[in-house]
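[1] Need a 3D model of the sequence below.
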Amino acid sequence: MDSQTKFPTEVKEYKYRIEAIARDYGLDFFDTIFEMVSYEKMNEIASQGGFPTRYPYWRFGMEYEQLSKGYAYGLQKIYEMVINNDPCYAYLLDCNTVTDHKVVMAHVFGHCDFFKNNAWFAPTSRKMMDEMANHAVQVRALIAKHGLDTVESFIDTCLSIDNLVDYHLPFVRRDNTAPEEDEPAKPHRHAFTAKPYMEGFINPAANNDGEEEAGEEHKERAAGPLPDPTRDVMGFLLDRAPLAGWQRQILSILREEAYYFAPQAQTKIMNEGWASFWHAKIMTGSDLTDEYQRGSAHPPVLTAAEIIDFADHHSGTLATSPGHLNPYKLGIELFRDIERRWNQGQFGPEWEQCDDMRERAAWDTHVGLGREKIFEVRRVHNDITFIDAYLTREFCLEQHLFAFDYNKFTKRQEISNRDFAVIKQRLLASLTNFGQPIISVVHANYKNRGELLLHHHHEGQDLQVSYATDTLKNLHTLWRRPVHIETIVDDEEILLSYDGDELNHSQGRAAAA
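    Now for the predicted structure:
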């Protein structure tokens, strides 16, 4: 990097020591490369989603300006960034203290372990640093050919629907049946062996520079019958929309990146909680559960002179402001609670059937399974299943969790409920699909006129019509035919439609096609 700072010897020595301690605790991660950068470079990388090389796009510049001003005015500061890659890349801020560097490195090793071992990250590319650079080269080539405004406008359109993907699709395994014997074989184009992220360069598709419009084969696909409804709207448009070759190339790039970033949103609470759990453990050397671990404690990495600085940094990370959920705080406290419960045997039929509060409070069978259990939880869960399985009534009381609503009379948010069931339901609802509407394509030839019909899976929250309007307009840009969506507004079924000129809505569901 042009602004990379020389890595201090003292920090490098602590890096090896912290890595050894992390591995001894059982963390398993890819090789991790740390780079020391200035705050300008850190802001630049952060504005580009954590990658040093991305395609040119106006939003990256806007976010860079926002981050830079926030840092200059003392409103925010990025301590670290780490990339899900093999090897993992992490960035340290050169103006941080040695204490901060220690905490950040311990935190990063927790993230790297989570990236490598959590099941929801398994389908992601482990060479995304290279792929992002390749995407940047491809987009720059398209900009040189078609112009910045044209390409950037199309990227705007595609990014407006980058949440219309099926987050479970990478785990679906379909049975690929063999073609019928009388089906004519498609001509096979010779291809050289290439790694997936180099495929577009070594074996470029015909006319991939953007000149080729949708061919006859594509038109047949677009007009053909739609299989089962799909939530992967981006994938559907990539396969069936009448796009030029260069447009299809960009849509494919952005869809690939959307699926790469999805697990990070699906596991935000767990990932940050896991990293915070281990940075606290590694820094201080022990906690209340070490009596169950039979010699697993390590000397603290912190010196006595650094304790106050660490406490200030750590408490700032876990601080929770009113009305906001801090994923670091919720995640670390849940992992600590799980470890404590499984160390003390507070699980299983006997525990669940015990209704004596005093007996439950004193329950401790000394089974010492806590460390094993949290590693199991880290491996198989995402935020939704994590909260659903391990958020307990006792935890809510201990952490003073509550539900709140807007009071139109006092014109402010107020506590509305402390009931455990309500709190858990609200939390799970906010995490389901990241709190965004679930949309599916249900018909590609609605009314036999080549129009696109989508369905909103209403979960009690109405669509925001202004957002829906803009999304329909962008879908129309891609589909080039009228677009409709079935939804519910104010408890009434309606059909929102955009034909390229105006938005219309009618009561009732879409008529049978």
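
[2] Can you tell me what sits against the host helix or strand of Arg59?
    Using DSSP states H and E, Arg59 maps to helix 58-72. Residues from elsewhere that reach helix 58-72 (Cβ atoms under 8 Å, 6 or more residues apart in numbering): 39-40, 43-44, 46-48, 54, 75-78, 152, 159. Where C-beta positions appear, they are placed from N, C-alpha and C, glycine not excepted.

[3] mind running it again at 10 Å?
    39-40, 42-49, 54, 57, 75-78, 93, 148, 152, 155-156, 159 (Cβ atoms under 10 Å, 6 or more residues apart in numbering).

[4] Show the buried residues in the residues you listed.
    39, 42-49, 54, 57, 93, 152, 155 (16 or more other Cβ atoms under 10 Å).

[5] picking up where we left off before, looking at the contacts of helix 58-72, which are in strands?
    Leu93 (DSSP state E).

[6] list the contacts for the residue nearest to Pro52 when sequence neighbours are not counted?
    Distances taken as Cβ to Cβ, 6 or more residues apart in numbering place Ile45 nearest to Pro52, at 5.4 Å, with adjacent residues excluded. Neighbour list for Ile45: 1, 35, 37, 51-54, 64, 67, 78, 81, 83, 89, 91 [criterion: Cβ under 10 Å, 6+ apart].

[7] can we see that at 7 Å?
    Contact partners of Ile45, counting by Cβ atoms under 7 Å, 6 or more residues apart in numbering, are Phe51, Pro52, Met81, Tyr91.

[8] Just among these, which is most surrounded?
    Ranked by the number of neighbours (other Cβ atoms under 10 Å), these place Tyr91 first, at 26 neighbours.

[9] Then it would be within a helix, right?
    No - applying DSSP: H, G, I helix; E, B strand; the rest coil, one finds Tyr91 to be strand, outside a helix.

[10] I'd guessed it sits against Ile33; true?
    No - applying Cβ atoms under 7 Å as the test, Tyr91 and Ile33 come out as separate, 9.8 Å apart.

[11] how about low-confidence regions in the stretch 1-150 of the chain?
    1-6 (pLDDT under 70).

[12] the helices in it, which residues?
    Taking DSSP state H, counting those that start in this stretch, the helices of the stretch 1-150 of the chain run over residues 9-24, 39-47, 58-72, 98-117, 128-146, 148-159.

[13] ok, now the stretch 151-300 of the chain?
    Using DSSP H, counting those that start in this stretch, helices in the stretch 151-300 of the chain cover 199-202, 216-223, 233-240, 245-266, 268-284.

[14] Between those, which one is closest to Cys354.
    helix 268-284 (27.6 Å; Cβ to Cβ).

[15] Single out the most deeply packed of the helices of the stretch 151-300 of the chain.
    Across the helices of the stretch 151-300 of the chain, averaging neighbours per residue (mean count of other Cβ atoms under 10 Å) puts helix 268-284 on top, at a mean of 24.

[16] What's the mean pLDDT across that helix?
    Mean pLDDT, taken over the full extent of helix 268-284, equals 95.

[17] And that helix, what does it pack against?
    helix 9-24, helix 98-117, helix 307-318, helix 327-343, helix 383-390 (3 or more Cβ pairs under 7 Å, 6 or more residues apart in numbering; DSSP states H and E).

[18] can you pull the buried residues of the first one?
    Same thing as helix 9-24. Using 16+ other Cβ under 10 Å as the test for burial, helix 9-24 gives Val11, Tyr14, Lys15, Ile18, Glu19, Ile21, Ala22.

[19] Spatially nearest residue to the fifth one (excluding sequence neighbours)?
    Pointing back at Glu19 there. Per Cβ to Cβ, 6+ apart, closest to Glu19 is Phe109, 6.4 Å.

[20] got it, and the first one?
    Nearest residue to Val11 in three dimensions, chain neighbours excluded: His101, at 5.0 Å (Cβ to Cβ, 6+ apart).

[21] mind putting the helices of the stretch 151-300 of the chain in CSV, distance to Ser416 included?
    Below are the helices of the stretch 151-300 of the chain laid out as CSV (distance: least, Cβ to Cβ, whole Å):
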stretch, distance to Ser416
helix 199-202, 52
helix 216-223, 48
helix 233-240, 35
helix 245-266, 27
helix 268-284, 22
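
[22] Tell me which of those helices approaches Phe402 most closely.
    Comparing these under Cβ to Cβ, the one sitting nearest is helix 268-284, at 17.7 Å.

[23] Next, report how far the closest one is displaced from the centre of its chain.
    In terms of Cα atoms, centre = their mean, to the nearest Å, the gap separating the centre of helix 268-284 from the centre of its chain is 18 Å.

[24] what angle separates it from helix 307-318?
    Calculated by axes from the mean of the first three to the mean of the last three Cα atoms, to 10 degrees, helix 268-284 forms an angle of 170 degrees with helix 307-318.

[25] Please export the C-alpha coordinates of helix 268-284 as PDB.
    Below are the C-alpha coordinates for helix 268-284, written out as PDB (Å, rounded to 0.1, in the frame of the first residue of the first chain):
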ATOM      1  CA  LYS A 268     -23.200  -9.700  13.100                       C
ATOM      2  CA  ILE A 269     -24.200 -10.300  16.700                       C
ATOM      3  CA  MET A 270     -22.400 -13.700  16.900                       C
ATOM      4  CA  ASN A 271     -19.300 -12.600  15.100                       C
ATOM      5  CA  GLU A 272     -18.700  -9.400  17.100                       C
ATOM      6  CA  GLY A 273     -19.600 -11.200  20.300                       C
ATOM      7  CA  TRP A 274     -17.200 -14.000  19.600                       C
ATOM      8  CA  ALA A 275     -14.300 -11.600  18.800                       C
ATOM      9  CA  SER A 276     -15.000  -9.500  21.900                       C
ATOM     10  CA  PHE A 277     -15.200 -12.600  24.100                       C
ATOM     11  CA  TRP A 278     -11.700 -13.700  22.900                       C
ATOM     12  CA  HIS A 279     -10.100 -10.300  23.000                       C
ATOM     13  CA  ALA A 280     -11.200  -9.900  26.600                       C
ATOM     14  CA  LYS A 281     -10.100 -13.400  27.400                       C
ATOM     15  CA  ILE A 282      -6.700 -13.100  25.800                       C
ATOM     16  CA  MET A 283      -6.000  -9.600  27.100                       C
ATOM     17  CA  THR A 284      -6.800 -10.300  30.800                       C
END
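
[26] Sweet, I'm off.
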